[in-house]
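> Build me a structure from this.
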Amino acid sequence: MAEASSLLEILPDQIAHILANVDCRPRNDICNDILEDIDYDIIRSTREIIFDRAVGVFKDMRSKDIHCSIPDAPSFKLKRRRTDNRSMEAFDIFDLYTFATGLSDQFPKEVLSEVSRLPSSANAVPITQSTGLSGNQNGTIHLQYMCKIIFKIFIFWKAH
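Numbering: from 1, shown residues only. Down below sits the predicted model:
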């Protein structure tokens, strides 16, 4: 979870405090907390910071794939959101954060602008619409996420 702690260190404190619990709270609760407690300018800048980190993680994953070709290099541009659509920005923060920290292995395609160029290679790192869960398209929750939940339950049980 080194990725999560290093990312939380560069985020504004209010957002970092909320995102620190992303692995044990529902997506909607996290996003509602962001919308209720955080100023819009902070939400917007946090979204950009996490997007940059998520793109870096994606490119690192892709560079490790020996079957990817250089000419098929992706180009990422963050989708502009209207100010009256703040809830989408909160969902973007959640989805990008879960990808950047390894809670999800799916890059959230819905945050990308139309000018973004995605890899066409069948061997590329998967980019799919996110489900809002730390899971794949059919809703299966990742083993890593489940292990964290079980570990927290064990710690709670052992303390009582």
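> so after the lengthiest helix in the chain, what's the next helix or strand?
Ranked by number of residues, the top helix in the chain under DSSP state H is helix 40-63. Using DSSP states H and E, the helix or strand that follows helix 40-63 in sequence is helix 86-100.
> Kindly spell out which helices and strands sit in contact with that next one.
Contacts defined by 3 or more CB pairs under 8 Å, 6 or more residues apart in numbering; DSSP states H and E place helix 86-100 against helix 2-10, helix 13-19, helix 27-37, helix 40-63, strand 107-108. Every residue, glycine included, has its C-beta placed from N, CA and C.
> now with 7 Å?
helix 27-37, helix 40-63, strand 107-108 (3 or more CB pairs under 7 Å, 6 or more residues apart in numbering; DSSP states H and E).
> I'd like to know which of the ones you listed is closest to residue 154.
Nearest of the helices and strands packed on helix 86-100 to residue 154, taken as CB to CB: helix 27-37 at 22.6 Å.
> In the chain, where is pLDDT below threshold?
Residues of the chain that meet the criterion pLDDT under 70 lie in 1-4, 64-74, 118-148, 151, 160.
> I'm done for today, thanks for sticking with me.
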